[in-house]
Structures are given as structure tokens and as C-alpha cells.
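K.L.:
Predicted model and sequence follow; I will ask about them next.
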Amino acid sequence: MLELENINKYYNPGTLNEMCLFDRFNLTVRDQEFVSVIGSNGSGKTSMLNIICGSIPLDNGNIAVNNVDITNMPEFRRLRKIGRVYQNPAMGTCPNMTILENMSLADNKGKSFNLERGTNKNRIDYYRERLKTLNLGLEDKIGIPVGSLSGGQRQAMALLMSAMTPIEFLILDEHTAALDPKTADLIMELTDKIVKEKQLTTIMVTHNLRYAVEYGNRLIMMHRGEIVIDKAEELKEALKIEEILDKFNEISIECGN
Amino acid sequence: MLTILLGVLEEGFVYAIMALGVYITYKILDFPDLSVDGTFPLGGAVTAVLIIAGVNPLLTLFISFFVGGFAGILTGIIHVKFKVRDLLSGIIMMTALYSINLRIAGKANQPIFSRETIFENAFLDKIIPESLTPFLDVIILLIIVAIMKLLLDLYLKTKSGYLLRAVGDNETLVTSLAKDKGTVKIIGLAIANAFAALSGSIYTQKSGFFEISIGTGAIVIGLASVIIGTNLFKQNSFIKVKATTAVIIGSVIYKACVSAAISFGMEPSDLKLITSILFLVILIVSYYDQRRKVKTNA
């Protein structure tokens, strides 16, 4: 379980451009919940993910995982239990290292990076098997650098790598936004498969309303640092894209657009 | 002719070890580390003092290596813990080391002539036949360079080595792997400066004296070797050479160019000028080379 409690976050504090993003923001995500998060630009979606992962500091408030406070835990420690996939496919892999080396790195997450051989030969077949599930033919190219793959292929690898070791949470930051529609569909299906297979608690930020409605069992819409729609289970099932669009329009009018 | 060739090879090999260190910071870590200018003479100063004190010359190599590594750790801490920019961290360390090196050596010029070194000692006199003597230095250097290169190659294939490569390639991924990227950078800087200090130790034993100014421009020599080497043997060229080997070859080529410039009538005092002009030429050539390649590919 993940709890955000009374989160305050100001940008540029003490200056003329001071902006309050979160004012006593609260969110609780239960185990194995798959939350889709939507909202216009600047509504605080990515900031929320960054606060959860510890990429940006927060001004006030507490974050707890399974009732353990992690507010002051540095980012790299938190990420031991979290897998994160970014919008930019280049963020999740090392371009100058081979597919095999990247898989080996991901496989060693949570263990010590000591002077043992970097790639465990006995694991290569397992890596091939995992890569095969992507249906991209990567299992036959494990010797080539990841930098020579396409964005979609890299993102698929990034997704695979992020969930390679036992993790509890999967954080998806618009991870299909930089891909063409067909590849995006593929990555989304893959995401769903991995989430179900590994029973992960997932938070997915997306601008694709169809994905937000189709996937996951809870939907959140954010606006100016607040949650304006929060529907789970049956209520979410009943939710239509039109309703969300109406809400979007309502907000836009409010903003004077 | 043979003397010149041997001289180029010897100098090239001595600096190649430092160049391997610069390869780690510049190519792998993407960190322009100027502390090399201080750690190269640091190795020299430590070695001079130890040899005068009668320490085994082979042992001075190890001690220099560790002292250099320690200096590298300090550069890393300045950068990682105190958030000082990478270039500035190196400059701070390099400047501080200038005084420290003087303190260690006691004076700006410390001769160690007639002392035992790894190149001249009773053991070698006994086992090496007269006919091999002219080649002795280059053979010893080749052995050391080969060992260091192999060690580095092996290290880069370990889990720790993978992580080092990853931090230069994509810092975010290292964080995603639940590892502190700062620690990894410090490890990289330690190894790189250990190599530089080892190189300085060998340089001092080879030339028979420690001189405070040997560090000035060391980073330029290292960078030039790395850039020549890695550009000469790009991955797509038909001769496949490991990057570490390429760096060693680059160092020898670079020393050959400097030696050629001197034989064309430049004074030895022009050395640093030649060094920097050559480096500039290399940078310009590799830049236009890249542009040309991009154009032909497009």
C-alpha cells in the first residue's frame, strides 16, 4: 500500500514566480491496484510520480509504503521496490551497452554489483526467453548495442528490464507517448501482461484516454494539483470516454480557454 | 632511427597507462577530470621519496596506484557530496595537489639517479643478457601496459564494471537499478587517477628524477591519446580493436607526432605548445570527420 499524506509542493518558493502545485494532497493506492492517471499539462501528474519516487523533494507531508515512512529515503533506495518506465525510451536502457549487457544489469537489481562476471552465462537462455515474449525478434540480436534499436524496441526492453526482478510498484510516466499508435498498443498490452503476471501495484500517467479507460481498475483525473475524478472498480468500468471529455471541457472553460 | 623509435614507444607506453585512466573518465564516465594533472606528478613525487628512502621500486608502483586512487576518491567526493561541477572539482584537486606534491617531494626537482628502479636494478642486471639491454625498458613497459590493459578489460566485464559503464551511458538507469550513481562515479574517478599516478610513478623511474611540472598538460596528452585511438578504430572500421588497445596505440601515435615535431627543429621547451596544437588539430579533424560521416550517411 502506498500513501501520500498532506503533500505540499511549491515551485520557485520565495520568488515572484512562486507556484503552489500541491496543497495538502492525499492519495492512497492499495496493493495490486492499477491506477490510470490523466489530466491536462501542468496538473501535477508527473510531479506526483517524481514525489513518489523521490526524484524531487517535497515541502511538507509524508509518504509511506506498507505503513513504513519513506519520506526521507533517497531516490535510489526507494527504487529497489519500484520499477519505473519513462516517456523517453532512451531513459530505460544503456545505449552503448548490448542487449545482453542491459538484461544482465537489470537482472542484478537489488543485488551487489561486485567483481563477479557481469553476465551470468547460465542466465542467457532465460534472457532470450524473456525477450521472446516481446515478439520483436530481439532474442536473436542480444549482441548488438541497444542504441541501434528503434524507440519502440527500446521501450519494450525498458519495460521488461524494469520488472525483471521482484518489485512491488510499477510507475509508468507516459510510457507510450513517444511511440507510434501501433507500437504504443503493443507496449500497452505488454504492460498489462507484466502487471497481471507479477501482480504489481501500478500507477500509469497517460494522455491516451482510451488506455486510461481500457486498462487498470482505477482512474484518477488531476487538475491543478487536485484529484477531480477518482473512480475504482465498477464505477470505473461504467466510466465512458465522453464523460471524461466533458470534464476536460468543463475545466478548460474554467481556465478561460 | 631505432633509438627514436624506441624512445617513442617507451614514452607512448608510459603515457598510455594514464591515457587508460583518462579513457575511464572521459569516454566511459563522461566526466572531464582535470585532477589527472595533479595525480600524475603525485605518483612521481611519492615514488621519488620512497625510492630515496630505499623502498623496493616495484612496491612504489602499488603505493603510487593507491595514493592516486585516494586522490581520485577526493575529487569524486568534492563533486558528488558537495555538488561542485565536474570540471571545477578537478581544478580544485589539481591545484591542491600541486602544493601537496611539492610537500611530498620536498622540492620542485628531486633526482633519483643511481638508485634502483624498475628499469635498473641488480636483479635485472643478473638475468638480462647484454644484447637485450637497449630493448629492456620498452619490454618492461610493454609488460606493465599489457597487464594494466587486461586488468581494466576484465574489470569492465564485471558487475561493478557494467555499472560504471552504465553511469556514463545513462545515469537514470543506475538510479532505477537502486544504486547510488554518485558512489559509482567516485569508484570510476578512483580507478582513473590510480592509473594516472601509476603512470607518473613509472615516468619518474624512467627519467631518473621527479619534476613538479611533469603534470602540466598531462590531461591533454591523455585526452589526445584517447581521441586519436578511439577515432582511428571506430567500431565500423574493418580492423576490430578493443577500445583499451586503441587508446594505447593512440598514445604511441601521439608521442610519435610530438617527436616528429621536435625533430623538425622545434625546441624541447616548445613541448607543451606542440602538445596543445596537436590536440587542437586532432579535435578539429575528428569533428570534421564526424560531420563528413553524417553527411554521407544521410
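P.N.:
Thanks, I have it. Numbers count the residues shown, from 1 in each chain, chains lettered A, B, ... in the order given.
K.L.:
okay, CA-based contacts and neighbour counts for the rest of this
P.N.:
OK.
K.L.:
Tell me which helix or strand comes right after the strand or helix carrying B:F65.
P.N.:
Here B:F65 sits within helix B:57-80, counting by DSSP states H and E. Heading C-terminal from helix B:57-80, the first helix or strand you meet, by DSSP H and E, is helix B:86-105.
K.L.:
can you list contacts of that following helix?
P.N.:
B:31-39, B:41-42, B:45-46, B:48-49, B:71, B:74-76, B:78-79, B:108, B:210, B:212 (CA atoms under 8 Å, 6 or more residues apart in numbering or on different chains).
K.L.:
Kindly state the beta-bridge partners for the residue nearest the centre of chain A.
P.N.:
Nearest to the geometric centre of chain A sits A:L172, at 1.6 Å (CA atoms, centre = their mean). Judged by DSSP bridges, the bridge partners of A:L172 are A:V85, A:M204.
K.L.:
List the residues that contact it.
P.N.:
A:R84, A:V85, A:Y86, A:T202, A:I203, A:M204, A:V205.
K.L.:
re the thing from before, just the buried residues of the contacts of helix B:86-105.
P.N.:
Neighbour-count burial (16 or more other CA atoms under 10 Å in any protein chain shown) is assigned, among these, to B:31-39, B:41-42, B:45-46, B:48-49, B:71, B:74-76, B:78-79, B:108, B:210, B:212.
K.L.:
residues near the closest residue to chain B within the stretch 151-257 of chain A, how many?
P.N.:
Closest to chain B within the stretch 151-257 of chain A is A:S162: 7.8 Å, counting by CA to the nearest CA. Residues near A:S162, counting by other CA atoms under 10 Å in any protein chain shown, number 26.
K.L.:
Next: B:D270.
P.N.:
For B:D270, the count of nearby residues is 11 (other CA under 10 Å).
K.L.:
which bits of chain A sit near chain B?
P.N.:
Contact residues (CA under 8 Å from any CA of the partner chain) of chain A with chain B: A:75-80, A:83-84, A:91-97, A:101, A:105-106, A:108-110, A:113-119, A:162.
K.L.:
Give me the buried subset of these.
P.N.:
For the residues of chain A next to chain B, buried by 16+ other CA under 10 Å: A:75-80, A:83-84, A:91-97, A:101, A:105-106, A:108-110, A:113, A:117-119, A:162.
K.L.:
What residues does residue 217 make contact with?
P.N.:
I'll assume chain A. A:E33, A:F34, A:V35, A:A232, A:E233, A:K236, A:E237.
K.L.:
not quite, I wanted chain B
P.N.:
B:D37, B:K272, B:T275.
K.L.:
from those residues, which single one is nearest chain A?
P.N.:
Using CA to the nearest CA, the contacts of B:G217 come closest to chain A at B:D37, 28.4 Å.
K.L.:
From B:M94, how far off is that closest one?
P.N.:
6 Å (CA to CA, to the nearest Å).
K.L.:
same question, A:L239
P.N.:
64 Å.
K.L.:
Please identify which of these two sits among more neighbours.
P.N.:
B:M94 (25 against 15).
K.L.:
can you map out the helices along the stretch 101-250 of chain B?
P.N.:
B:122-127, B:133-156, B:159-169, B:171-176, B:181-207, B:218-232, B:243-263 (DSSP state H, counting those that start in this stretch).
K.L.:
Give me whichever of the ones you listed is most buried.
P.N.:
Across those, averaging neighbours per residue (mean count of other CA atoms under 10 Å in any protein chain shown) puts helix B:181-207 on top, at a mean of 27.
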